[in-house]
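[1] give me a 3D structure for the following:
(one chain, ligands or ions: 2)
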Amino acid sequence: MIENTATRHHQNFLQVIHSYYQLTKPRIIPLLLMTTASSMWIASQGNVNPVLLLVTVCGGTFAAASAQTINCIYDRDIDDQMERTRHRPLVSGRVQPSHALIFAIALASLSFTLLAVFVNLLSALLTMSGIVFYVGVYTHLLKRHNPANIVIGGAAGGIPALVGWAAVTDTLSWAAWLLFAIVFLWTPPHFWALALMIRDEYAKVGVPMLPVVAGNVAATRQIWVYSWLLIPTTFLLSYPLQVTGAVYTCIALILGGFFIKKAWVLLHNPDDKQLARSLFLYSIFYMMLLCAAIVVDSLPLTHQLIISILDLIQ
Ligand code: HEM
Ligand SMILES: CC(C)=CCC/C(C)=C/CC/C(C)=C/COP(=O)(O)OP(=O)(O)O
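    Ligands and ions are numbered 1, 2, ... in the order given. Got it, this is the predicted structure:
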């Protein structure tokens with residue numbers, strides 16, 4: 001009997017932890033952190049201090065988790081009505097909104113303190129501006145009111161790249177803003193592809209996502225335009241900025257080629273949900289590999305490999 005009660009308490013405790021974990025929308029955070037890490041990588045010319053990297057990534061994790069939790073509190077009414085979101089902890093009543101708010105404030109405070117004390121004030125303030133922008137501008141002002149919601153909201157997603165740069169250099173440079181621009185321009189194709197898949201759900205709750213208000217044809221045209229803005233922008237890191245080299249440029253070219261191809265096929269089949277899904281999944285893979293390419297590009301081993309290959313050819 002006592003053993004049973006203890007097991008039940010243990011299970012309840014794990015369920016509570018899991019509910020709070022779910023509040024933070026944890027699957028999105030690793031990619032945000034990859035943009036921070038790759039920005040730190042370039043800013044330190046491949047010699048990033050591992051402790052600084054760890055602390056910055058922890059600060060970024062807490063901040064993103066805080067922002068997502070506040071978003072869950074704010075959007076719990078519409079989350080309740082959409083299949084994709086109806087199992088979230090605040091909707092199903094597993095966490096009280098007031099408890100979630102305390103959790104979010106604690107996470108934001110922890111993030112600010114960690115970054116301000118162990119990294120620098122600029123990175124801490126930028127991170128807080130990320131939370132304010134995502135919650136105040138995207139979630140409150142735009143998401144339910146303006147079809148340009150995610151175009152402007154994409155700026156919040158670009159902030160972790162700025163944070164990474166600021167963490168290393170205590171300033172922002174052209175390269176930092178370029179990384180910001182890459183995430184900013186990537187966000188519309190990433191999100192509209194998903195919105196094409198679940199357009200009816202957004203329509204049901206009255207969220208004016210582009211495919212809902214302008215139709216699939218207009219949305220796929222916009223995806224096409226943003227893809228063409230994104231891909232050339234990724235090359236600017238190599239030329240004229242010269243913060244990345246040949247390996248990055250080759251990988252960016254191949255990845256970009258597939259991006260354009262998928263956007264092109266979708267442009268000609270705007271109602272095909274499978275193609276929209278394929279672009280959505282690819283957009284995530286694309287950003288992961290682009291960040292990885294930035295890191296690989298600067299490794300001494302890569303340089304040695306290229307020199308060996310060039311020697312072999314000659
Ligand atoms: C305003 C900007 C953005 C919007 C509106 C948006 C929206 C979404 C939505 C609705 C999902 C589906 C999540 C789910 O199934 O619950 C998703 C998935 C995802 N997003 Fe975004 N996103 C945005 C920006 C970003 C950024 C900047 C990143 C990272 C750099 C990112 C990374 C991801 C990842 C990794 C997933 C897949 C998560 C999974 O496996 O379920 N997103 N996004
Ligand atoms: C520096 C810092 C902390 C920056 C914050 C960056 C951040 C949290 C970006 C997240 C973008 C995102 C996944 C939006 C989805 O919101 P949604 O409300 O449209 O998604 P939903 O429909 O799944 O609720």
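
[2] please make it C-alpha for all contacts and neighbour counts, starting now.
    OK.

[3] near ligand 1, which residues of the stretch 51-200 of the chain show up?
    Neighbours of ligand 1 within the stretch 51-200 of the chain, by CA under 6 Å from any ligand atom: 150, 153, 154, 157, 187, 191.

[4] quick one: mark the members of those residues that sit in helices.
    Mapping these onto helices (DSSP state H) picks out 150, 153, 154, 157, 187, 191.

[5] tell me the one among those nearest to residue 252.
    Nearest to residue 252 among these: residue 187, at 16.8 Å, using CA to CA.

[6] give me the subset of the residues of the stretch 51-200 of the chain next to ligand 1 touching ligand 2.
    Counting by CA under 6 Å from any ligand atom, residue 157 from those sit close to ligand 2.

[7] of the residues of the stretch 51-200 of the chain next to ligand 1, which is the nearest to residue 42?
    residue 157 (18.6 Å).

[8] what residues are up against that closest one?
    By CA atoms under 8 Å, 6 or more residues apart in numbering, residue 157 lies in contact with 32, 130, 183, 184, 187.

[9] the first one contacts residue 162, doesn't it?
    No - contact status for residue 32 versus residue 162: not in contact, 11.2 Å apart, counting by CA atoms under 8 Å.

[10] who in the stretch 51-200 of the chain is up against ligand 2?
    63, 64, 67, 68, 127, 130, 131, 134, 156, 157, 159, 160.

[11] give me the mean pLDDT for the helix or strand where residue 108 lies.
    In the assignment (DSSP states H and E), residue 108 maps to helix 97-118. Mean pLDDT, helix 97-118: 98.

[12] just the residues contacting the next helix or strand after that helix, thanks.
    Following helix 97-118 in sequence order, the next helix or strand is helix 121-132 (DSSP H and E). The contact list for helix 121-132, computed with CA under 8 Å, 6+ apart, reads 60, 63-64, 66-67, 108, 111-113, 115-116, 156-157, 159-160, 162-164, 166-167, 170-171.

[13] could you list the buried residues of stretch 90-108?
    Buried residues in stretch 90-108, counted by 16 or more other CA atoms under 10 Å: 90, 91, 95, 97, 100, 101, 103, 104, 105, 107, 108.

[14] pull the residues that contact that stretch.
    16, 19-20, 23, 62-63, 65-67, 69-70, 72-73, 76-77, 79-80, 86, 89, 128.

[15] can we see that at 7 Å?
    The contact list for stretch 90-108, computed with CA atoms under 7 Å, 6 or more residues apart in numbering, reads 19, 62, 63, 66, 69, 70, 73, 76, 79, 80, 89.
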